[in-house]
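[1] Sequence first, then the predicted structure, then my questions.
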Amino acid sequence: MSPSRRRTLLLRLAAAVVTVAALAVVLRPRGPKPDRATTATPVSEQPHAGGLLVATVRAEPRSFNRLVTSDLTSLTLSALMHARLVRVNQLTQQLEPWLAERWDTADNLHFVLHLHPDITFSDGTPFTAADVVFTFAALYDPRSNSPLTDAFKIDGKPIEVQAQDDHTVALTFPAPYGPGLRLLDNLPILPRHRLEAALTAGTFHDAWSTTTPPSDITGLGPFMLHAYHPGERVELERNPHYWRIDPHGTRLPYLDRVALEIVPNQSSEIFRLESGQADLVSSELRPDDVPAFRKMAEQGRTKVFDVGTGLDPDFLWFNLRPDGPASGGAGAAEHTDGHTPARPWLARRELRQAVSYAIDRDEFVNTVFLGAGTPIYGPVTQANKEWYANDLPTYPHDVEKARALLATIGLRDSNSDGMLENPDGTPARFTLFTQKGRPLRERAVAFIKEDLRKIGLDVEVSTLEFPALIDRITRGTYDAVYFGAAASDTDPSVNLDFWLSSGAFHVWNPGQPKPATPWEAQIDQLMHQQMQTPDQAERKRLFHDVQRIFATEIPVLYFAAPKVIVATSSRVMNAHPVLLQPEVLWSAETLGIRELAQ
C-alpha cells in the first residue's frame, strides 16, 4: 500500500469515524423560500435562555480546523462551532436547507445553491459565496492534506465550485452521484477572511491549532470558542450572531455556555454523569451501567433514552493481504513460539464461513452485551431501514457444519486431542488482536476464543493499546483483528473506501491497484453503478446485490449490534438522541438547561 493510502487508513482508524451509508437525497424544486423562523429539530420543551451544559469527551482536540482532522472531539466541536450548506436531520434522515436556503437542479449533476442573504460569522463578518468557494479550495489543496478530500471526489475528480454572485453558488459534479447534495453535510464552511492567508502560504494544515487564540477562530455555528485548557476542558459560549430562531421567535441557541470536559476513562465519565458533575457523556451507556441509570431515572435524577439498534457494530476480519500470514508473510510472525510457516487456510472463504457458523450469536448478545443487543450477519444493521436487506445468506450456529468446512481446507484433528492441526501436524492457530481497555471488545474476543475452541481452532488473544493496534493494522502485521468504528452517515456511496477494492478502509486488503478477486471486482462494478444512478429503487437493488456477494464471501464477520441507550442529567431539555455521534450534541442549538430545586 502506498504511503498516502496508508496515511488515509491511519486517519480513518485513529478517528474511528467511518461514514457508512444513508438515504437518497431529497431535491427541493424551485419555489418559495422556507420560513427561516422554523427550526427543523423538534422542540418538545420551551427552555429559558441561558445556562451552562457540561458534556464529556474522551480525548483532546487535535486541531480546531475540521478540514485537517477527523477525531471525534474535533467532529463534536465542528458541530458546535460551524455550519454546513445543507444538513441531514439525524432524526428524519432527510436533507434540509441550512446555510443554503434552497437549491435547484435539473440533472443531478449541476446544482445552484441560493444562500441566506443575512448570515454573519461569529465575528460579525458577512457570510458570502466566496467563503464556500474558499472552503472547497482549502479542501482540495494537496498541501492541506485533508482526510475529507477523497470523500469529496466523484470518480476521483473534485466537484467544481463557482460563485455566481455573493449569495449564489453553482456546483458541478464530475459524474452522476446518487446521494447528491447529501455529501455536503460533512463539510463545515470556513471563513475566507480568517484563513485565506494560511491557504495561500501553504500553512492551512497548521492553521487553527490548539494553541491559536480563541478570538482568532470564527464560525457560523451556534457557539464559539471561549477557552481551551489542555488536559481539562474546552469552553464555548453562545454565538451572538447566530442566525437561526425557534418557532416562537426566540433566537438560538438557548444555552449561554457549553463545557466539554476531557475525561479519557469511560468509567470516570459515567461517574461524573451519575454524580451530577456532567449533563452528557461522549457515547452511549455500557450494558453494565444501564440498570443503575434506569433506577436513577425512576428517581428523577437522570433521563434514559432507548435509541435503538446501533448502526456501527464491531467486527472481525482476517488479514488477506498478498504478503500476509496466509503466505507466511508479515502477519505470520506474531506467535509466541516463533513458528512462522505459511498458513494458506487463513485466506480461505471456508475458514470465515466456519467461524461464522461457530459463533453462537444469541449467546454472544447475552454474554457481551448482557442481552442488550441484536444478532447480525453483515455491516448494514436493521437500524439502517433504507438499505438493510433481510434475505441474505446467514450462518446460524452449527458446530458440526463448521468442523466439516475446516476439514475441506485440510485442518484435521490428527492426534485426537480435540484441536485441529495443519497438514504438517502443527496446531491450527492464529492470533486475534483487539483494543485494550475496552471491556465490550475484551469480552467479545474472549467469547470468540471459547466458541472457536469448540471447533478445534486455537486462538491466541492479544489486547493492545490503541496506538499499537493501529500500527499493526496499518503495517499489516496481524492475523486477525476485532475492532470497530463510529458511523457518521447511512448511504453506501458515502463509504466507498470500505466497499471498493482500491479503498484505504477496505480493511482485509486495502489499497489494491486492481481487484484481487473476481468477487471484489464485481462489488467494485456494482458500487460504481449504484453511485451513479439517481434512481433510488435501482440504487437499492444494486446495493442488495453487493450485500449478497459480501454475505457469501464474508471478508468481514459481524456477530451482534448493541442496543444504543443514552443517558443525560435530568436538567437537560430538548434532548433528541440519535444513533450517530455526537448523539445528543448533534443539535446543540435547541438544547436547554432546567435549573433544579435544591
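    That came in fine, so what should we check first?
[2] Regarding this protein, what is its longest helix?
    Longest helix in the chain by number of residues (criterion: DSSP state H): helix 536-553.
[3] I'd like the next helix or strand past that helix.
    Next along the chain after helix 536-553, taking DSSP states H and E as the criterion, comes strand 556-557.
[4] ok, that next one: who's next to it in the sheet?
    strand 315-318 (antiparallel) (DSSP bridges).
[5] Let's test this: mean pLDDT of the strand it pairs with, rounded?
    Averaging pLDDT along strand 315-318 gives 98.
[6] between the following helix or strand past that strand and helix 536-553, how many degrees?
    Using DSSP H and E, the helix or strand that follows strand 315-318 towards the C-terminus is helix 349-358. Angle of helix 349-358 versus helix 536-553, following axes from the mean of the first three to the mean of the last three CA atoms, to 10 degrees, is 100 degrees.
[7] Tell me which stretches of the stretch 351-500 of the chain form strands.
    For the stretch 351-500 of the chain, the strands defined by DSSP state E, counting those that start in this stretch occupy 373-375, 429-435, 458-464, 480-483, 486-487.
[8] Check these for me: which has the lowest mean pLDDT.
    Mean pLDDT per stretch puts strand 486-487 lowest among the strands of the stretch 351-500 of the chain, at a mean of 65.
[9] from what I can see Thr367 touches Phe447, true?
    Yes - with contact defined as CB atoms under 8 Å, Thr367 counts as touching Phe447 (5.3 Å). Every C-beta, even on glycine, is put in place using the N, C-alpha and C of the backbone.
[10] re the thing from before, which helices and strands sit right next to the longest helix of the chain?
    Contact analysis of helix 536-553 by 3 or more CB pairs under 8 Å, 6 or more residues apart in numbering; DSSP states H and E lists helix 518-532 as its packing neighbours.
[11] Could you tell me which residues within the helix it packs on count as buried?
    Along helix 518-532, these residues count as buried under the neighbour rule (16 or more other CB atoms under 10 Å): 519-520, 523-524, 526-532.
[12] Quick check: which element contains Val54?
    Going by DSSP H and E, Val54 is in strand 52-57.
[13] could you give the mean pLDDT of that strand?
    Mean predicted lDDT for strand 52-57 stands at 96.
[14] do stretch 396-407 as well
    On average, stretch 396-407 scores 98.
[15] export that stretch as CSV, just CAs?
    Extracted C-alpha coordinates of stretch 396-407, given in CSV (Å, rounded to 0.1, in the frame of the first residue of the first chain):
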residue,chain,number,x,y,z
PRO,A,396,-26.8,-20.0,12.2
HIS,A,397,-24.9,-21.6,15.0
ASP,A,398,-23.8,-25.1,13.8
VAL,A,399,-20.6,-26.6,15.3
GLU,A,400,-20.7,-29.7,13.1
LYS,A,401,-21.0,-27.7,9.9
ALA,A,402,-18.1,-25.5,11.0
ARG,A,403,-15.9,-28.5,11.6
ALA,A,404,-16.9,-30.0,8.2
LEU,A,405,-15.9,-26.8,6.5
LEU,A,406,-12.5,-26.8,8.2
ALA,A,407,-11.9,-30.3,7.1
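[16] any idea how far that stretch is from the chain center?
    33 Å (CA atoms, centre = their mean, to the nearest Å).
[17] Show residues contacting the strand holding Val54.
    Contact partners of strand 52-57, identified using CB atoms under 8 Å, 6 or more residues apart in numbering, comprise 72-73, 76, 234, 255-263, 269, 272-273, 277-282, 572, 584-585, 588, 591, 593.
[18] Understood, closing this out.
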